[in-house]
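In: next one to model:
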Amino acid sequence: MQQIYEFIANKQAISRVFMLFLCCLLLSAPTFAQSSNVRITIHKKNISVIEALKEVEKQTKLSVGYNESQLKNKPSINLALEKATLESSLKEILRNTGYTYQLKGKYVIIVPQEKQEAEAASVKRITGRVLDDNGEPLIGVNVHVEGTSVGSITDIDGNFILEAPVGSVLSISYVGYTPQTVKVTGQNTYSVQLASDTKLLSEVVVTALGIKREQKALSYNVQQVKSDELTQIKDANFVNSLNGKVAGVTINTSSSGVGGASRVVMRGTKSIEQSSNALYVIDGIPMYNFGGGGDTEFGSKGATEAIADINPEDIESISVLTGAAVQLPPFMVVMRQTVRL
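Out: As a prediction, the model looks like this:
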């Protein structure tokens, strides 16, 4: 009786193993059919590699991915495939091209053969840390492999992790610091120290007294007009060509012709009893502008002025000082620089 029970138990165990094997075989059947049971027939001469791959795609219903710019210059081939398997067909098409294939589900990917072998052997997992001048970790530093889309950023401790092939170059950049590059060698850990970028642009401005000072150190507004802007409009008095080029300046022509005076008022009228015309300073020398009659703002009238006799071609640049802190009651200041001959 004991032997009968053992025989039945063994039979049940064998049945379970057989059913498990059958299920695994059924699950792998679609993939096996795609790679082994597909048959391809191509009989063509002087066919390009791209056309052959398109024919494979058409007959197998698989998606074939490749870089057209790299395969279009490959020499034409002669194919005589008769009910060939997918693997043998692809090997025949890609023979002597330097390319191979990868099967992934319903996709066939064409990749460079050397690149595939090299990348599999040389890609390394890299860890590193980025510090500042004082040895403190930098957060959010951009680290990426040049020529690729692979990249990472540092965490709160300045650490980063990424994968890169040996021989590639890591580009490390952060706002306010000088970028650095690190070549990937055989080591797995890298420590990078970024130096502060202390290069600051300082624009020098010549004030009304001919003193050179940095623009950020001035307490008044400075507007600059270059010589090419003055010569765009041909006028007997170059002062009139400043109209519309300087904010806060009103220019009225009181007399026409060569040497005719122009009334230049900056930031509005500042005095009733005295003139509000601008003060001109040429290379550090003040040039007062006098009217032909009357001493007051509303009594003066334009006649001639020496500033109108200057040739605009001789002017290097014009600095217009229009801030409230630069006022010399009742004048404002316009600074002229002549061309150094």
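
In: where do the helices sit along the stretch 51-200 of the chain?
Out: With helices called from DSSP state H, counting those that start in this stretch, the stretch 51-200 of the chain shows them at 68-71, 86-93, 113-122.

In: and the ones you listed, which one is worst for confidence?
Out: Note on these: helix 113-122 shows the lowest mean pLDDT, a mean of 58.

In: what's the neighbour count on Gly147?
Out: For Gly147, the neighbour count with other CB atoms under 10 Å is 9. Where you see a C-beta, it was placed from the backbone N, CA and C, and this is true even at glycine.

In: report how many residues lie close to the closest residue to Asp197 other than its chain neighbours.
Out: Leaving aside its chain neighbours, Asp197 sits nearest to Thr178 (4.9 Å; criterion: CB to CB, 6 or more residues apart in numbering). Around Thr178 there are 13 other residues, counting by other CB under 10 Å.

In: repeat that for the one 10 residues further on.
Out: For Asn188, the count of nearby residues is 11 (other CB under 10 Å).

In: what of Ser88?
Out: 11.

In: again with the one 5 residues further on
Out: Burial measure for Ile93: 25 neighbouring residues, criterion other CB under 10 Å.

In: doesn't Lys54 make contact with it?
Out: No. Counting by CB atoms under 8 Å, Ile93 stays clear of Lys54, with 10.7 Å between them.

In: how near is Gly65 to Val108?
Out: Taking CB to CB, to the nearest Å as the measure, Gly65 falls 7 Å from Val108.

In: swap in Ser196?
Out: Separation of Ser196 from Val108 (CB to CB) stands at 52 Å.

In: ends of stretch 177-192, what's the gap?
Out: Using CA to CA, to the nearest Å, one end of stretch 177-192 lies 12 Å from the other.

In: just the buried positions in it, please.
Out: Tyr177, Val182, Val184, Tyr190, Val192 (16 or more other CB atoms under 10 Å).

In: what does it contact?
Out: Outside stretch 177-192, the residues that touch it by CB atoms under 8 Å, 6 or more residues apart in numbering are 124-132, 138, 145-146, 164-173, 194-197.

In: could you list the domains of this protein?
Out: Annotated domains of the chain cover 31-118, 120-193, 204-338 [automatic domain parsing].

In: which stretches of the stretch 51-200 of the chain have low pLDDT?
Out: Counting by pLDDT under 70, the stretch 51-200 of the chain has low-confidence residues at 114-122, 198-200.

In: and the strands in it?
Out: Applying DSSP state E, counting those that start in this stretch to the stretch 51-200 of the chain gives strands spanning 63-65, 77-85, 99-104, 107-112, 123-131, 142-145, 151-153, 159-165, 169-173, 180-183, 189-193.

In: cheers, nothing more for now.
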